[in-house]
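In: Sequence first, predicted coordinates after that:
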Amino acid sequence: MKKMLPTTTVGSFPKPSYLTKARAQYAGKKISHDELAEMEKKATREIIELQERVGLDILVHGEMERGDMTTYFAKKLAGFSISSPVRSYGNRYYRKPIVNGSIVRNGPMTVEMFEYAQSLTQKPVKGMLTGPYTMCDWSFNTHYSDRRSLTLALAEVIAAEAEDLEKAGAQYIQIDEPAISTRPEEINLAIEAMGMVTSGLKAKTISHICYGDFKTIYPDILKLPVDQLDLEFANSDFANLDIFRDPPFTKEIAVGVIDIHSHKVETVEQVKEWIRSAMDVFPPEKIYIDPDCGLKTRTLDETEAKLKVMVRAVNEIRTEKGWD
Ligand SMILES: [Zn+2]
């Protein structure tokens with residue numbers, strides 16, 4: 001029997017302090033790239049072990065080698081340079097990718113780390129990519145004539161990367177598009193670009209979307225050519241669940257049941273109640289359970305405590321329903 005309510009996470013995990021230190025040392029040219037890469041692998045191994053300990057069904061590699069989800073790819077692609085730090089969200093600074101040439105992929109960008117993470121576990125590890133629309137929206141374009149031509153150029157290179165991940169054995173490929181919900185008027189461009197990435201893939205395809213008001217993109221978002229949408233619900237106390245009752249949801253859905261913005265660890269009862277309410281709207285056989293978003297803003301201890309609650313809630317529901 002297929003396992004009901006498979007558990008997973010959105011992608012990022014908190015970096016252990018030795019890795020944060022190593023990244024700063026590398027930026028200051030105090031350690032070599034190989035030394036940093038060793039630390040990234042050690043941290044990846046620990047994140048895989050954490051997920052095994054918690055008992056998740058579908059794992060991620062944890063993104064120990066990534067800072068921001070767009071700059072990581074921008075640094076690897078020809079056609080991009082990176083700005084000096086610009087300010088966002090209050091006091092957080094980030095480096096914005098600048099497109100100043102034709103986008104070209106020099107080679108695989110994520111395959112080596114995927115293969116390493118997958119070699120450490122019998123469970124499937126998801127391949128993790130940033131979608132073409134979000135890459136465009138979060139970059140500063142000085143080269144392409146319009147947003148559409150930049151987005152489609154990005155779709156070509158991300159499609160090639162997805163194909164390489166599939167060849168390397170990825171059974172799940174997640175192409176995140178958090179920017180979709182912030183510009184609903186461009187959803188058709190995001191849909192067109194995603195089609196270029198996912199057409200021809202046999203792996204299960206997933207897209208995580210967050211930040212926005214889902215009312216503005218539903219039901220249009222059902223046209224995004226992926227098998228599964230991964231959405232946040234816990235942060236709004238599941239107030240947005242009703243949006244998806246009518247018209248009925250037609251894809252698989254990963255339901256966020258852990259608020260990644262809060263230090264507070266959810267209770268098993270609360271998570272079970274949320275899962276039950278999700279099962280009232282989505283067919284249970286199409287539901288996956290995960291946190292709202294990436295976990296990188298939490299501590300490792302909070303992350304493990306929250307994920308344990310999530311898995312326990314799922315296990316109790318499986319038992320109650322006779323789905324063990
Ligand atoms: Zn998110």
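Out: Done, it's in. Model, not experiment: these values are computed from the prediction.
In: who does the helix or strand hosting Val314 touch, helix- and strand-wise?
Out: Per DSSP states H and E: Val314 is located in helix 300-321. The contact analysis (3 or more Cβ pairs under 8 Å, 6 or more residues apart in numbering; DSSP states H and E) places helix 300-321 against helix 33-54, helix 268-281, strand 287-290. For the C-beta atoms, the positions are set from N, CA and C on the backbone; glycine is no exception.
In: which of those sits most buried?
Out: Highest mean neighbour count among those (mean count of other Cβ atoms under 10 Å): strand 287-290, with a mean of 24.
In: ok, residues contacting it?
Out: 4-10, 58, 228, 230, 252-258, 275, 278-279, 310, 313-314 (Cβ atoms under 8 Å, 6 or more residues apart in numbering).
In: Next: stretch 95-111.
Out: Against stretch 95-111 from outside (Cβ under 8 Å, 6+ apart): 68, 70-71, 73-74, 76-86, 127-129, 135, 138-144, 150, 153-154, 156-157, 160-161, 164-165, 168.
In: starting at the chain centroid, how far to the helix holding Val314?
Out: 20 Å (Cα atoms, centre = their mean, to the nearest Å).
In: partner strands of the helix or strand of the chain with the lowest mean pLDDT, parallel or antiparallel?
Out: When the helices and strands of the chain are scored by mean pLDDT, DSSP states H and E, strand 77-88 comes last with a mean of 88. Next to strand 77-88 in the sheet, as set by DSSP bridges, lie strand 92-105 (antiparallel).
In: Quick check: buried residues in the strand it pairs with?
Out: Tyr94, Arg95, Lys96, Pro97, Ile98, Val99, Ile103, Arg105 (16 or more other Cβ atoms under 10 Å).
In: What ranges does the stretch 151-300 of the chain have for its strands?
Out: 172-176, 204-209, 228-231, 252-256, 287-290 (DSSP state E, counting those that start in this stretch).
In: and Tyr72, what element?
Out: Assigned by DSSP H and E, Tyr72 falls in helix 71-76.
In: That helix packs against which elements?
Out: strand 77-88, strand 92-105, strand 127-130.
In: same thing but 7 Å
Out: Helix 71-76 makes packing contacts with strand 77-88, strand 92-105 when contacts are defined by 3 or more Cβ pairs under 7 Å, 6 or more residues apart in numbering; DSSP states H and E.
In: List the buried residues in the first one.
Out: Residues Leu77, Gly79, Phe80, Ile82 are the ones in strand 77-88 that count as buried (16+ other Cβ under 10 Å).
In: Could you do stretch 200-216 as well?
Out: So for stretch 200-216, counting by 16+ other Cβ under 10 Å, buried means Leu201, Ala203, Lys204, Thr205, Ile206, Ser207, His208, Ile209, Cys210, Gly212, Phe214, Thr216.
In: same check, this time on stretch 183-192
Out: Buried-residue list, stretch 183-192, by 16+ other Cβ under 10 Å: Arg183, Pro184, Glu186, Ile187, Leu189, Ala190, Ile191, Glu192.
In: same question, stretch 306-321
Out: Lys306, Leu307, Val309, Met310, Val311, Ala313, Val314, Asn315, Ile317.
In: Please apply the same query to stretch 165-177.
Out: Leu165, Glu166, Ala170, Tyr172, Ile173, Gln174, Ile175, Asp176, Glu177.
In: which non-adjacent residue is nearest the last one?
Out: Looking back up the chat, that one is Glu177. Gly131 (3.8 Å; Cβ to Cβ, 6 or more residues apart in numbering).
In: The one you found against Ile173, yeah?
Out: No: counting by Cβ atoms under 7 Å, Ile173 is not a contact partner of Gly131; they are 11.2 Å apart.
In: Enumerate the residues of the stretch 101-250 of the chain near the ion.
Out: Proximity of the stretch 101-250 of the chain to the ion (Cβ under 5 Å from the ion) is limited to residues Cys210.
In: which intervals of the stretch 101-250 of the chain have sub-threshold pLDDT?
Out: Nowhere does the stretch 101-250 of the chain drop to pLDDT under 70.
In: one step back: between all of the buried residues of stretch 165-177, which two are separated the most?
Out: Glu166 and Glu177 (18.9 Å; Cβ to Cβ).
In: I appreciate the help and will end here.
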